[in-house]
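Trainee: below are the sequence and a predicted model; questions follow.
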Amino acid sequence: MLRSVLIFAISAMFLGLGLGRFAFSPLIPELVGNGWLDVEAAQTVGAANLVGYLVGALLAKPALRLTNERTLCVLSGALVFLSYDLLIMPFGVGWFWIMRFLAGVGGALLMVVATAAAGRQLAALDRKQFQPIVFVGIGLGALFAAICLPQVLAYGIEVSIVALMVFSGVALAALWWSSGFLQRNIAPRSSSEGSVSRTGWGVYLILLAYGFDALGFVMHTVYLPDMLRRAYRHTEGQVGLSWAMFGIGACFGPLFVMVLRRVLSVSNALWIAFALKALGVALVLVATDPLTASLSLFIVGMLTPGVVILTSGALSAAAPPDRYLALWAGGTALFALCQMMSGMFIAATSAQRYETALVLSVVVLGMGAVLALTSKLLLQKEASR
């Protein structure tokens, strides 16, 4: 049972976020360079995934009223698979936008439903220590995009899209095969049924900090490869190496959280993670050489799943059990809204230069650290009453 739960969670995150989100970023400079899209169109297409992520997060709870968790997760994974399957037909900017939108919808549904289902099952198995592993798939997908995809790009955009189609198909098959445990579970009672436990302000500040994380990380996870390639004339190999460091960092993220949680409470670990992430983004403002860019991407990569894991853990620790799913869905929707706003802002203002977006990213991540620390103090005050 434990093996099935972990395979299910890892394949869901690998498919929905690792491939659905991060695997597209290295394609952007090549789509522009090969004339498939111009710069402004590529940035707009990049933001389409963020719009889809918002829609998927908002649909998660209503969709669970219409179908069961297993069906919803498999259908969500199928959306990501189809988004790459149909991307091979370049029908123009609108077609690219729709495909990236569908990938965003599927990724958000998997983030809300699959992670909550896996976490609930791990708790039932008394294996909570494995919960950070649920998010390893994000890093594996980013690592694939960073190390394998640049090699495939040498054979052309079409071959790269076919490779993404194949890998997403394998991940979808693994997701379906390992999801049988969901049929043996009774879905958690909706918090809209019966009485609902009260939620304090400290919990809402955790969610707000999570939204600030979304505002601050889009620049690195969507647009930084394009900035390094076009604005700072890094070679394709240098960009690929820097992006590989993001993937390696993302794979280390769950391990970093597990180590951090051995010495710190989840609330302390959360605000420290925000501060470190702000520092990681700020490095590119200090220097833009390949080594600094790689270090920056490693730190941000490590803390991309890291902040997600810690936010989920902080909510689980602070919120009433009957409110967790609703709060996690709401937090994912807020995250999606904030990253969509950030992506659209960057797409509208950064056709030539990205420095303003980088400065604002550092500021909002710093504010996220302040919010997370304030949340900790509020929760301590509420617990002492």
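Mentor: All right, it came through fine. Numbering: from 1, shown residues only.

Trainee: tell me the contacts of the spatially closest residue to P132 that is not a sequence neighbour?
Mentor: The shortest distance from P132 to any non-neighbouring residue, by C-beta to C-beta, 6 or more residues apart in numbering, is to P254 (3.8 Å). For the C-beta atoms, the positions are set from N, CA and C on the backbone; glycine is no exception. Residues near P254 by C-beta atoms under 8 Å, 6 or more residues apart in numbering: P132, I133, F135, V136, G139, P305, G306, I309.

Trainee: got a list of what the third one touches?
Mentor: The contact partners of F135, taken as C-beta under 8 Å, 6+ apart, are A9, M13, T115, G253, P254, P305, V308, I309.

Trainee: what is the burial count for the first one?
Mentor: In this case it means A9. Look at A9: counted by other C-beta atoms under 10 Å, it has 27 neighbours.

Trainee: distance of D322 from V257?
Mentor: 26 Å (C-beta to C-beta, to the nearest Å).

Trainee: and these two? which has more neighbours close in?
Mentor: V257 (26 against 17).

Trainee: next secondary structure element downstream of the helix or strand hosting that one?
Mentor: Assigning secondary structure by DSSP states H and E places V257 in helix 236-263. Using DSSP H and E, the helix or strand that follows helix 236-263 in sequence is helix 266-286.

Trainee: I'd like the next helix or strand past that following helix.
Mentor: helix 290-318.

Trainee: check the offset of that next one from the chain's centre.
Mentor: 10 Å (C-alpha atoms, centre = their mean, to the nearest Å).

Trainee: how about that helix: buried residues?
Mentor: With burial defined by 16 or more other C-beta atoms under 10 Å, the residues of helix 290-318 counted as buried are 290, 293-316, 318.

Trainee: what helices and strands are in contact with whatever helix or strand comes next after it?
Mentor: Proceeding N to C from helix 290-318, the next assigned helix or strand is helix 324-349, under DSSP H and E. Secondary-structure packing of helix 324-349 (3 or more C-beta pairs under 8 Å, 6 or more residues apart in numbering; DSSP states H and E): helix 39-66, helix 93-109, helix 115-124, helix 201-218, helix 290-318, helix 355-384.

Trainee: next, the buried residues of the longest one.
Mentor: When neighbours are counted by 16+ other C-beta under 10 Å, the buried residues of helix 355-384 are found to be 357-358, 360-369, 371-376, 378-379.

Trainee: helix 266-286 and that one, what's the angle between them?
Mentor: Interaxial angle of helix 355-384 relative to helix 266-286 (axes from the mean of the first three to the mean of the last three C-alpha atoms, to 10 degrees): 170 degrees.

Trainee: check which helices and strands helix 355-384 is in contact with.
Mentor: By 3+ C-beta pairs under 8 Å, 6+ apart, helix 355-384 packs against helix 201-218, helix 266-286, helix 290-318, helix 324-349.

Trainee: run the angle between it and helix 290-318 for me.
Mentor: Going by the same axes, to 10 degrees, helix 355-384 makes 30 degrees with helix 290-318.

Trainee: pLDDT averaged over helix 355-384 - what is it?
Mentor: What helix 355-384 shows for mean pLDDT is 89.

Trainee: roughly how far is that helix from the heart of the chain?
Mentor: Here helix 355-384 is found 19 Å from its chain centre; the criterion is C-alpha atoms, centre = their mean.

Trainee: for the fourth one, same thing?
Mentor: Taking C-alpha atoms, centre = their mean, one finds the center of helix 201-218 at 14 Å from the center of the full chain.

Trainee: now this structure, which segments are flagged as low pLDDT?
Mentor: Scanning the chain for pLDDT under 70 picks out 90, 184-199, 350-352, 385.

Trainee: re earlier: how about the helix holding V257: buried residues?
Mentor: Buried-residue list, helix 236-263, by 16+ other C-beta under 10 Å: 236, 238-254, 256-257, 260-261.

Trainee: again with stretch 317-326
Mentor: A318, A319, D322, R323, Y324, L325, A326.

Trainee: out of the helices and strands packed on helix 324-349, which gets nearest to A278?
Mentor: helix 355-384 (3.7 Å; C-beta to C-beta).

Trainee: that older thread, now render the helices and strands packed on helix 324-349 as a markdown table, adding distance to Y232.
Mentor: Below are these laid out as a markdown table (distance: least, C-beta to C-beta, whole Å):
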| stretch | distance to Y232 |
| --- | --- |
| helix 39-66 | 15 |
| helix 93-109 | 25 |
| helix 115-124 | 36 |
| helix 201-218 | 19 |
| helix 290-318 | 8 |
| helix 355-384 | 11 |
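
Trainee: out of the ones you listed, the one nearest A173 is which?
Mentor: Counting by C-beta to C-beta, A173 lies closest to helix 93-109 out of the helices and strands packed on helix 324-349; the figure is 15.2 Å.

Trainee: give me the angle between the closest one and helix 324-349.
Mentor: In terms of direction (the same axes, to 10 degrees), helix 93-109 departs from helix 324-349 by 150 degrees.

Trainee: check contacts around K277.
Mentor: Contacts of K277 (C-beta under 8 Å, 6+ apart): D213, G216, F217, I299, V300, L303, G306, V307, L365, G368.
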